[in-house]
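**Student:** Here is a sequence with its predicted model. Questions after.
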Amino acid sequence: MDALVAAAKKEGTLNLMALPRDWAGYGALMDNFGAKYGIKVNDDNPGAASADEINAIKSLKGQDRAPDAVDVGTSFAISGAKEGLYAPYKVSTWADIPDSQKDASGTWYGDYGGYISIGCDAAKVAVCPTTIADLAKPAYKGQVALSGDPLKSNSALMAVWTAALATGGSADSIQPGIDFFGKLKAQGNFVPVKATAATVQSGETPIIIDWDYLNAGIAQSLGNTSVKWTVAVSTDASIGGYYAQAISKTAPHPAAARLWQEYLYSDEGQNGLLKGFARPVRLPAMQKAGTVDPALTKVLPTASDKAVYPTDDQAAKAKDTLTQNWANTVK
């Protein structure tokens, strides 16, 4: 560890991307890492999606500004590993990461997760929806949005998959969810705008289907405004899922990339994710060891006992189906 810290400090820089400061506590995590080790942290294009991170590894290969490490949805972690984009690395707390949340070779490993939920501005919506089926009601015309393009954004993909579970689909079939959003678009309920705290405050997207920790983050960031943001894990269907970390095989700062992983998977890093309302992957092990902040676990959105956790193969299949059918269905 001492040698890794020395090497990372010598590099002096860490290139990250697609990490909004209000996403899972990443703002504080990046600041604290930089201050702790004297390393400059660059966060390029914070609003980018998982697909953009994969593309950046390829297109910026050999450049000093290329990403050193990525935070991507599981399906993108799998596809990137198949393309040989990642460098295997096992953090010192590797044993605490469940086998289902990591690649055995160390090319990628889950870091935090949650459940798909429905966020709603009760100041603008008379009765906030609590189920996916509710979203098709005429009362929600021009109000329903996703956090991005499902073809690029893992969180949006998972929202569509949750809709599939609520409308006759399954972990093996995302198509009913695509059809459901096609229906919402045709009747004017679905607004094809990338939803953010800013679009919520402007009234453009009063209802968002997104991860529970991100909807909870909106509630926190807009707490002093006229917005009355509520968060409900949909009661008819929900998907639970984790995002994954991976180190670029061509990282311009390979030591800093590895030190960043060690920090994220340390007790300090995992508690930092928990502070951002996300469920860190080491949470069960930390609870057993008594190293988790109990005050932070009390503010987590209520977990879903109906949540489905797709396998790696199902995630890859869902991504392929979405790529083939989304554009032609939701238009």
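**Tutor:** Thanks, I have the structure now.

**Student:** And the strands in this protein?
**Tutor:** Ranges of strands in the chain, per DSSP state E, are 13-17, 40-44, 69-73, 86-87, 109-121, 144-146, 190-194, 207-211, 229-232, 240-248, 279-280.

**Student:** closest one to residue 128 among those strands?
**Tutor:** Of all those, strand 109-121 sits nearest to residue 128, with 3.6 Å by Cβ to Cβ. Where you see a C-beta, it was placed from the backbone N, CA and C, and this is true even at glycine.

**Student:** Minimum distance to residue 169: which of the strands of the chain has it?
**Tutor:** Residue 169 lies closest to strand 109-121 among the strands of the chain, at 13.6 Å (Cβ to Cβ).

**Student:** so how far is the closest one from its chain's centroid?
**Tutor:** The chain centroid and the centroid of strand 109-121 are separated by 7 Å under Cα atoms, centre = their mean, to the nearest Å.

**Student:** what's the angle between it and strand 240-248?
**Tutor:** 130 degrees (axes from the mean of the first three to the mean of the last three Cα atoms, to 10 degrees).

**Student:** buried ones in strand 109-121?
**Tutor:** Buried residues in strand 109-121, counting neighbours by 16 or more other Cβ atoms under 10 Å, are found at 109-121.

**Student:** What is that strand packed up against?
**Tutor:** Contacting strand 109-121 under the criterion 3 or more Cβ pairs under 8 Å, 6 or more residues apart in numbering; DSSP states H and E are the following elements: helix 154-166, strand 207-211, helix 212-221, strand 229-232, strand 240-248, strand 279-280.

**Student:** what's the neighbour count on residue 46?
**Tutor:** Using other Cβ atoms under 10 Å, residue 46 has 15 other residues around it.

**Student:** so who does it touch?
**Tutor:** Residues in contact with residue 46, defined by Cβ atoms under 8 Å, 6 or more residues apart in numbering, are 17-21.

**Student:** One more: residue 32?
**Tutor:** Contact partners of residue 32, counting by Cβ under 8 Å, 6+ apart, are 268, 272.

**Student:** And it, how far from residue 273?
**Tutor:** Separation of residue 32 from residue 273 (Cβ to Cβ, to the nearest Å): 12 Å.

**Student:** Please work out how many residues are found near residue 269.
**Tutor:** Neighbour count for residue 269, taken as other Cβ under 10 Å: 24.

**Student:** Output the below-cut-off pLDDT ranges for the stretch 201-331 of the chain.
**Tutor:** Across the stretch 201-331 of the chain, the ranges flagged by pLDDT under 70 are 301, 304.

**Student:** Which residue ranges of it form helices?
**Tutor:** 212-221, 254-264, 267-275, 283-289, 294-297, 312-329 (DSSP state H, counting those that start in this stretch).

**Student:** Other residues contacting the first one?
**Tutor:** The list of residues contacting helix 212-221 from outside it, by Cβ under 8 Å, 6+ apart, reads 22-24, 112, 114-119, 147, 155, 197, 200, 208, 229-231, 233, 276-279, 299-301.

**Student:** likewise stretch 171-189?
**Tutor:** Stretch 171-189 is contacted by residues 132, 135-138, 140-144, 160-169, 190, 192, 308, 310-311, 314, 317-318, 321-322, 325-326, 329-331 when judged by Cβ under 8 Å, 6+ apart.

**Student:** Please repeat the previous calculation with a cut-off of 6 Å.
**Tutor:** 140-142, 144, 160-161, 163-164, 167-169, 190, 308, 310, 314, 318, 321, 325-326, 329-330 (Cβ atoms under 6 Å, 6 or more residues apart in numbering).

**Student:** just to revisit the earlier point, looking at the buried residues of strand 109-121, which is nearest residue 56?
**Tutor:** Using Cβ to Cβ, residue 111 is the member of the buried residues of strand 109-121 that lies nearest residue 56, at 18.9 Å.

**Student:** Apart from its neighbours in sequence, what residue is nearest that closest one?
**Tutor:** Spatial nearest neighbour of residue 111, chain neighbours left out: residue 245 (5.0 Å); criterion: Cβ to Cβ, 6 or more residues apart in numbering.

**Student:** Give me the neighbour count for that neighbour.
**Tutor:** As a burial measure, residue 245 scores 24 neighbours (other Cβ under 10 Å).

**Student:** Okay, and the beta partners of it?
**Tutor:** In this entry, residue 245 is beta-bridged to residue 71, residue 109, by DSSP bridges.

**Student:** Report the distance from stretch 299-313 to the chain centre.
**Tutor:** Using Cα atoms, centre = their mean, the offset of stretch 299-313 from its chain centre is 13 Å.

**Student:** Quote the end-to-end distance of that stretch.
**Tutor:** One end of stretch 299-313 to the other measures 33 Å (Cα to Cα, to the nearest Å).

**Student:** Use 16 as the first number from now on
**Tutor:** In the new count, where the first residue is 16, that last one comes out as stretch 314-328.

**Student:** Please enumerate residues in contact with it?
**Tutor:** Contacts for stretch 314-328 (Cβ under 6 Å, 6+ apart): 93, 130, 180, 186, 227, 231, 246, 248, 253-255.

**Student:** now stretch 27-35: how far from the chain's centre is it?
**Tutor:** 16 Å.

**Student:** Next, the distance between the ends of it.
**Tutor:** From its first residue to its last, stretch 27-35 covers 22 Å (Cα to Cα).
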